[in-house]
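Engineer: Turn this into a model:
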Amino acid sequence: MKIILVILLVQIVTCYGKIAFEKLTDYDFSGTTYYTVKNLSLYECQGWCAQEEECTSCAFSFVTNPLTPEQETLCQLQNRTQAFDPTAQPQRSNSMYYMVKINLRSENVCMRPWSFERVPNKVIRGLDNALIYTSTKEACLSACLNERNFVCRSVEYDYNNMKCVLSDADRRTTGQYVQLVDAQGVDYFENLCLKANQACKYNRAIQPPRFGVSEDKVAQYVGLHYYTDKELQVTSEGACKLACEIENEFLCRSFLYLGQPNGQQYNCRLYHLDHKTLPDGPSTYLNVERPLIDVGEPTGVYMENFCEKTSPSSTENSLPVHFDATEDPSLNNLTRTDVNCDKTGTCYDVSVHCKDTRIAVQVRTNKAFNGRIYALGRSETCNIDVINSDTFRLDLTMGGQDCNTQQISGIYTNTVVLQHHSVVMTKADKIYKVKCTYDMSSKNITFGMMPIRDQEMIHINSSPEAPPPRIRILDSRSREVETVRIGDRLTFRIEIPEDTPYGIFARSCVAMAKDSKSTFQIIDDDGCPVDQSIFPGFTPEGNALQSVYEAFRFTESYGVIFQCNVKYCLGPCEPAVCEWGRDSMESWGRKRRSVGNETGEKDDDMNISQEILVLDFGDENNKDFLRSADPSTEFGRDKTVTIIEPCPTKTSVLALAVTCALMVFVYLCTLFCYYTKKWMTPSPKMMP
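Structural biologist: Residues are numbered from 1 along each chain as shown. Modelled structure (predicted):
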């Protein structure tokens, strides 16, 4: 009995874990407020909710009183909230921190006010390190805190597919297109239990923000509209910066230094926020609905956390075009020979990224640039104004007249102008001819150079690499499987990444026995199903093709190998029209060629295969068979895939406790009755 009770106690502690909080910035969920109090600090509000057993969440709002000016706060404790409902949509709410109480099964839960920053319906694609399937969000977050193979900086949890993705990257990881994108039903979480030296994947620096808004305007906004996490009195800007770097009570991402100390006033403010934490990003500082208040005091110096690259040779965030400017002291360190530098001393690092519907022209400069970037001939409809920024981007549409992008046989070209003055074009400006070549045809046509004021035109070309496709076989719960039973309903998927400009279609798919003695064609050379009842035709699902079928196998072999011939299209592929009896259907197999294009289209097909083990009923109980089975697991060897079972429910644990207590009570009653009867029974007398 003692052993059972000890196990029960350990199980309860393991399941319900430690109390922690997740925080949302400038978002609010509907809920039932049972207590409201004004002018509490942020940490008093959060601590109150942590101690109240019935408190499930708390909403902390703060606003600057223009008459004081001081921040007035409002703390609302809630005993019911829609934050636990994956289908609930949060509302935008300025100057609001919404904190939700959660239970995490981890010894690594930090003592900070919150453990994770949550961003609803957002993901960062392509930066995952480990994949976990679990039925709860809390188990996913716990896995991040417990991860030992790498530093888990962010988590994405898919509520519909119960899929949890762990990553060592976050919104601040250096990359040209590392940014949040919309994904309904998936939430993004950042680990805020990290130490200061773990805040960045590589080197961490704290410097003035560079996103096109003047430093004074940002500093003034921060001083009025940021909630101060900690205030200090320091002797210099460097001391304030050091205080942010070594702060341990929270993860400090920015600070505001207000100049030399005046009496006993604090002149250093530390924040857990930066512009990437705010839902509107840099646009927050330009929002006219929240006017700034000028009280005549100095705005101060504002600096933010910045994650650097590991080294100049790192390819993670490098641009295809590089320049090596040689310094000339007689010309004030300007360069004469480098075509990427102009007479003002500004050097341009320009790269082109080819997408499915646009051409992204990314520009970096060695010093802040003021002016505009636009498509030649479309300066009014295709332009970006640049204000004091060293990194900016122009997206050129590939269709329509807005940017006037030209295309012939998969080659898209345009001309981009970097202009210092908002109206006048001078010889200091730069002109770039950009080109995207999609591998759709053996024909290679290049547009000629357009004469523009006798300036040298720089050509930049880019050809996006087609990603390798893969085959995945999923069960009815969307889990990837390698061993199934005959008749199981499966989904056969051919996938490529969603951020690629290409589409795919498949043809000539065959199923083969593992010994290759028997083959069966399931999709013919035109992309149509051979036997609709055994293997239906493909249908599109995003950038993937899929077919739902019932598992089958060959008589002489348990192992079934699928092989398909895959070809690429620019954008979605056109379906093949298949005849099935008197009916016709569309299948996203091979695109039919026209007679005139029989020799002009490049035939770059790729064969991919995947093996699956199909068992008869009862085979799963044969240990010798399962020991000898060796299904192919080539794909995904570098990923961590784990299945985490949910914890027992509170009801089941209580039922077990009651049962144990009853058994102990019955046992004690039995002993009591036995010894009572023995004591009441007189002992037999001895015979004389």
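Engineer: residues in contact with the longest strand along the chain?
Structural biologist: If you go by DSSP state E, the chain has its longest strand at strand 378-397. Residues from elsewhere that reach strand 378-397 (CB atoms under 8 Å, 6 or more residues apart in numbering): 210-214, 357-375, 401-405, 414, 416-417, 422, 434. (C-beta placed from N, C-alpha, C; glycine too.)
Engineer: hmm, 7 Å instead?
Structural biologist: For strand 378-397, the external contacting residues (CB atoms under 7 Å, 6 or more residues apart in numbering) are 210-212, 214, 358-365, 367-375, 402-405, 414, 416.
Engineer: Buried only: go through those residues for me.
Structural biologist: Those of the contacts of strand 378-397 that meet the buried threshold are 211-212, 358-365, 369, 371-375, 403-405, 414, 416, by 16 or more other CB atoms under 10 Å.
Engineer: where are the low-confidence patches of the stretch 501-650 of the chain?
Structural biologist: 515-517, 580-584, 587-606, 616-650 (pLDDT under 70).
Engineer: mind listing the strands for it?
Structural biologist: Along the stretch 501-650 of the chain, the segments classed as strands by DSSP state E, counting those that start in this stretch run 502-513, 519-523, 539-541, 544-550, 559-570, 576-580, 583-587, 606-615, 641-644.
Engineer: which outside residues touch the first one?
Structural biologist: Right, strand 502-513. 466, 469, 494, 496, 519-523, 525-527, 538, 543, 545, 554, 556-557, 560-573, 588-591.
Engineer: hmm, back to that, now do the longest strand of the chain, average pLDDT.
Structural biologist: Across strand 378-397, pLDDT averages out at 88.
Engineer: Just checking the distance from that strand to the centre of its chain.
Structural biologist: 26 Å (CA atoms, centre = their mean, to the nearest Å).
Engineer: how about that strand: buried residues?
Structural biologist: Buried residues in strand 378-397 (16+ other CB under 10 Å): 378, 382-383, 386, 389-390, 392-394, 396-397.
Engineer: Take the residues you listed and write them to JSON lines, including distance to residue 609.
Structural biologist: As requested, the buried residues of strand 378-397 are exported to JSON lines (distance: CB to CB, whole Å):
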{"residue": "378", "distance to residue 609": "47"}
{"residue": "382", "distance to residue 609": "45"}
{"residue": "383", "distance to residue 609": "49"}
{"residue": "386", "distance to residue 609": "49"}
{"residue": "389", "distance to residue 609": "49"}
{"residue": "390", "distance to residue 609": "48"}
{"residue": "392", "distance to residue 609": "45"}
{"residue": "393", "distance to residue 609": "40"}
{"residue": "394", "distance to residue 609": "42"}
{"residue": "396", "distance to residue 609": "39"}
{"residue": "397", "distance to residue 609": "39"}
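Engineer: Let me know the closest of those to residue 351.
Structural biologist: For those, the minimum distance to residue 351 (CB to CB) is 9.8 Å, reached by residue 393.
Engineer: Just grab the bridge partners of that closest one for me.
Structural biologist: residue 362 (DSSP bridges).
Engineer: just use 487 as the starting number from now, easier for me
Structural biologist: Shifting the count to begin at 487 puts that one at residue 879.
Engineer: and the gap between the spatially most central residue of the chain and residue 764?
Structural biologist: Residue closest to the average C-alpha location in the chain (CA atoms, centre = their mean): residue 610, at 2.2 Å. To residue 764, residue 610 is 17 Å away according to CB to CB, to the nearest Å.
Engineer: Same check on residue 841?
Structural biologist: Taken as CB to CB, the span from residue 841 to residue 764 is 26 Å.
Engineer: ok, the residue nearest to the centre of the chain touching residue 666?
Structural biologist: Yes: using CB atoms under 7 Å, residue 610 is in contact with residue 666, at 6.1 Å.
Engineer: count of residues packed around the closest residue in space to residue 503 that isn't next to it in sequence?
Structural biologist: Closest residue to residue 503 apart from its sequence neighbours, by CB to CB, 6 or more residues apart in numbering: residue 591 at 3.9 Å. Residue 591 is flanked by 21 other residues according to other CB atoms under 10 Å.
Engineer: Also the one 3 residues further on?
Structural biologist: Here the count is done by other CB under 10 Å, and residue 594 has 15 residues near it.
Engineer: So for stretch 651-669, what gets flagged as buried?
Structural biologist: 651-660, 662, 664, 666, 669.
Engineer: Next: stretch 596-607.
Structural biologist: 596, 598-607.
Engineer: Then stretch 751-763?
Structural biologist: Residues 753-763 are the ones in stretch 751-763 that count as buried (16+ other CB under 10 Å).
Engineer: Repeat that for stretch 956-976.
Structural biologist: Result for stretch 956-976 [16+ other CB under 10 Å]: buried residues 956-960, 967, 970, 974, 976.
Engineer: Which ones among the buried residues of stretch 751-763 lie within strands?
Structural biologist: 754-757.
Engineer: in the stretch 837-986 of the chain, which segments are predicted with low confidence?
Structural biologist: Those would be 908-911, 925-945, 947, if you go by pLDDT under 70 across the stretch 837-986 of the chain.
Engineer: at 80 instead, please
Structural biologist: Residue ranges of the stretch 837-986 of the chain with pLDDT under 80: 842, 886, 895-896, 907-914, 924-953, 984-986.
Engineer: what about the strands in it?
Structural biologist: 844-861, 864-883, 892-894, 897-905, 916-923, 943-948, 956-960, 969-971, 975-981.
Engineer: out of those, nearest to residue 510?
Structural biologist: By CB to CB (comparing all of the strands of the stretch 837-986 of the chain), the closest turns out to be strand 864-883, at 27.9 Å.
Engineer: and the closest one, C-alpha only, in CSV?
Structural biologist: Taking C-alpha atoms only, strand 864-883 is exported to CSV below (Å, rounded to 0.1, in the frame of the first residue of the first chain):
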residue,chain,number,x,y,z
ARG,A,864,6.9,53.0,-62.6
SER,A,865,8.1,55.4,-59.9
GLU,A,866,4.6,56.3,-58.8
THR,A,867,3.1,52.8,-58.5
CYS,A,868,6.2,50.7,-57.6
ASN,A,869,8.3,52.5,-55.0
ILE,A,870,9.5,52.5,-51.4
ASP,A,871,10.6,55.7,-49.5
VAL,A,872,13.7,55.1,-47.4
ILE,A,873,14.3,57.2,-44.3
ASN,A,874,17.6,56.9,-42.5
SER,A,875,17.9,53.1,-43.0
ASP,A,876,20.8,50.8,-44.0
THR,A,877,18.5,47.8,-44.8
PHE,A,878,15.4,48.0,-47.1
ARG,A,879,13.5,46.0,-49.7
LEU,A,880,11.4,46.5,-52.8
ASP,A,881,9.0,43.9,-54.0
LEU,A,882,8.4,43.8,-57.7
THR,A,883,5.2,42.2,-58.9
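Engineer: could you pull out the strands for the stretch 637-786 of the chain?
Structural biologist: 640-644, 649-653, 667-668, 672-677, 690-693, 716-718, 740-743, 754-757.
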